[in-house]
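sequence first, predicted coordinates after that:
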4 protein chains.
Amino acid sequence: MNKACAHALHLDAETREQSRRRLLSIKGHVEGILRMLEDESIYCVDVLKQIKAVQGALDKVGGLVLRSHLHDHVVTAADRGDTDQIVTELMEVLKYR
Amino acid sequence: MNKACAHALHLDAETREQSRRRLLSIKGHVEGILRMLEDESIYCVDVLKQIKAVQGALDKVGGLVLRSHLHDHVVTAADRGDTDQIVTELMEVLKYR
Amino acid sequence: MNKACAHALHLDAETREQSRRRLLSIKGHVEGILRMLEDESIYCVDVLKQIKAVQGALDKVGGLVLRSHLHDHVVTAADRGDTDQIVTELMEVLKYR
Amino acid sequence: MNKACAHALHLDAETREQSRRRLLSIKGHVEGILRMLEDESIYCVDVLKQIKAVQGALDKVGGLVLRSHLHDHVVTAADRGDTDQIVTELMEVLKYR
């Protein structure tokens, strides 16, 4: 358990529920691509378009969670005294986003 | 049905099977994040890390399909005479990859 | 002048100097591509490689400035009371990074 | 000199000129950021916005050159017999675009 957990930094309930619903839809989208791939005559670009759509949907979930993290935990890091950890782990996760 | 389909441009069987296997694994990964999100004490950055991992895995599937498309269909477009369509749809799908 | 400026949120001197030095090098790199483009026999992929290299160098400057912003200004937003503004402008600038 | 050069695959004159003009503008933009960075009271997010704008402008030049390369050289690779080289170097340059 890391220091942040010890500080009880949790994803807020509403964002958690929104992310869950979006990820359920993303799971359905991935299952749709899996069905596409059973078709021998599938065209490459149609697969690429679907993958791109899933990436876009994942970007949106990531954006929700990131905004919530910034709003609830990052802006209060100086108060808690865990600035270095918060900044380092955030920079790591933002790389190649 | 678009012109490319009429030309019978199909994703090759091996790439189709590799993509299917990788997407099955990605589906499992998304299910894992869904389970994480049932936990009230989940930490935002742990969710962000998992989303990033799924994005990376999708990038790899996309790379497989793209390489196959370039190798099997794009390099022969001049012969088939569908260069403009092939280039336009490829540029569209590469945007913000 | 926006609220953040009113709060005197400045880029720290060291990051400013590092960014300046890196951007000078990036400017030189862009000038190098401009010279390449005067050559009639230049190969497309060689241009694409150089553009990619400049993008990578810009990503690094962006990372320096972002880390400094998170460390010096974002983690203290709750104390200053400008959380909403700080989060909104940061989310905007992180989009498609 | 690589095989592609030996095949005389050159960036077409119009794209070369368009790219040159856009890169001149990008150079000016970078010089503008350099001037910003001389100001001790510069705000981080203003720098990040300008870097993002330059990245967007570079993406557009890259898109021009890529489209030209696809249209003039990639679609004819099967005819020339250099498919493997063309695909490999293209995949390399598209990574993390």
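Sure, I can see it. Numbers count the residues shown, from 1 in each chain, chains lettered A, B, ... in the order given.

which bits of chain A sit near chain C?
A:63, A:66-67, A:70-71, A:74-79, A:83-84, A:86-87, A:90-91, A:94-95, A:97 (Cβ under 8 Å from any Cβ of the partner chain). To be clear about C-beta, it is placed using only N, CA and C from the backbone, and glycine gets the same treatment.

what are the ranges of the strands in chain A?
Remark: strands of chain A are absent; assignment by DSSP state E.

what about the helices in it?
Applying DSSP state H to chain A gives helices spanning A:3-6, A:13-36, A:44-69, A:77-80, A:83-94.

okay, these in TSV with mean pLDDT, mean neighbour count and distance to C:Arg20 next?
Shown next, in TSV, are these (pLDDT from 0 to 100; neighbours: other Cβ atoms under 10 Å in any protein chain shown; distance: least, Cβ to Cβ, whole Å):
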stretch	mean pLDDT	mean neighbour count	distance to C:Arg20
helix A:3-6	46	14	34
helix A:13-36	98	17	38
helix A:44-69	97	20	29
helix A:77-80	97	18	27
helix A:83-94	96	18	21
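
okay, those in a markdown table with distance to chain B next?
Output for those, formatted as a markdown table (distance: least, Cβ to the nearest Cβ, whole Å):
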| stretch | distance to chain B |
| --- | --- |
| helix A:3-6 | 6 |
| helix A:13-36 | 4 |
| helix A:44-69 | 4 |
| helix A:77-80 | 12 |
| helix A:83-94 | 5 |
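
make TSV out of these and add distance to C:Cys44.
Shown next, in TSV, are these (distance: least, Cβ to Cβ, whole Å):
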stretch	distance to C:Cys44
helix A:3-6	47
helix A:13-36	32
helix A:44-69	22
helix A:77-80	46
helix A:83-94	31
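
so who does the residue nearest to the spatial centre of chain A touch?
Geometric centre of chain A, nearest residue: A:Gly62, 3.0 Å, by Cα atoms, centre = their mean. Going by Cβ atoms under 8 Å, 6 or more residues apart in numbering or on different chains, A:Gly62 touches A:97, B:48, B:51-52, B:55.

kindly state the pLDDT recorded for A:Ala8?
Looking at A:Ala8, its pLDDT reads 80.

and if you look at the one 4 residues further on?
Model confidence at A:Asp12, given as pLDDT, is 95.

wait, what's in contact with it?
So A:Asp12 contacts A:68, A:72 (Cβ under 8 Å, 6+ apart).

now do the contacts for the nearest residue to A:Gln18 once chain neighbours are set aside.
Nearest non-adjacent residue to A:Gln18, counting by Cβ to Cβ, 6 or more residues apart in numbering or on different chains: A:Leu64, 5.9 Å away. By Cβ under 8 Å, 6+ apart, A:Leu64 lies in contact with A:15, A:18-19, A:22.

which one of those residues is nearest to chain D?
A:Thr15 (23.4 Å; Cβ to the nearest Cβ).

the closest one and A:His71 touch, don't they?
No - using Cβ atoms under 8 Å, A:Thr15 is not in contact with A:His71; the gap is 9.4 Å.

list the contacts of stretch A:27-44.
Taking Cβ under 8 Å, 6+ apart as the rule, stretch A:27-44 contacts A:46-47, A:50-51, A:53-54, A:57, B:2, B:4-5, B:8-11, B:13, B:16, B:19-20, B:23-24, B:26-27, B:30-31, B:34, B:65-66, B:68-69, B:72-73.

now do that stretch: distance to the chain's middle.
Stretch A:27-44 sits 23 Å away from the centroid of its parent chain (Cα atoms, centre = their mean, to the nearest Å).

hey, C-alpha coordinates of that stretch in CSV?
What follows is stretch A:27-44, C-alpha atoms only, in CSV (Å, rounded to 0.1, in the frame of the first residue of the first chain):
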residue,chain,number,x,y,z
LYS,A,27,-16.1,-3.8,-23.4
GLY,A,28,-19.1,-4.2,-25.7
HIS,A,29,-17.2,-2.3,-28.4
VAL,A,30,-14.2,-4.6,-28.1
GLU,A,31,-16.6,-7.6,-28.3
GLY,A,32,-17.9,-6.1,-31.5
ILE,A,33,-14.4,-6.0,-33.0
LEU,A,34,-13.9,-9.6,-31.9
ARG,A,35,-17.0,-10.6,-33.9
MET,A,36,-15.8,-8.5,-36.9
LEU,A,37,-12.6,-10.5,-36.8
GLU,A,38,-14.4,-13.8,-37.2
ASP,A,39,-15.4,-12.6,-40.7
GLU,A,40,-12.8,-13.8,-43.3
SER,A,41,-13.7,-10.9,-45.6
ILE,A,42,-13.2,-8.1,-43.0
TYR,A,43,-11.4,-5.1,-44.4
CYS,A,44,-8.3,-3.8,-42.5
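
what is the neighbour count of A:Met8?
Small correction: residue A:8 is Ala, not Met. 8 (other Cβ atoms under 10 Å in any protein chain shown).

ok, it - contacts?
B:Ser41.

that one and A:Gly81: what is the separation?
15 Å (Cβ to Cβ, to the nearest Å).

distance of A:Arg80 from A:Ala13?
21 Å.

not counting residues beside it along the chain, what's closest to A:Leu11?
B:Cys44 (4.8 Å).

meant to ask about A:Arg20, not that
Nearest to A:Arg20 is B:Leu37, by Cβ to Cβ, 6+ apart, at 4.5 Å.

now do A:Gln55
B:Leu58 (5.7 Å).

for that neighbour, list the residues it contacts.
Counting by Cβ under 8 Å, 6+ apart, B:Leu58 has contacts A:51, A:54-55, A:58, B:26.

same check, this time on A:Ile86
A:Ile86 touches A:4, A:73-74, A:77, C:70, C:75, counting by Cβ under 8 Å, 6+ apart.

which of these sit farthest apart?
A:Ala4 and C:Leu70 (14.7 Å; Cβ to Cβ).

distance from the chain centre to stretch A:26-45, please.
Distance, centroid of stretch A:26-45 to centroid of chain: 22 Å (Cα atoms, centre = their mean).
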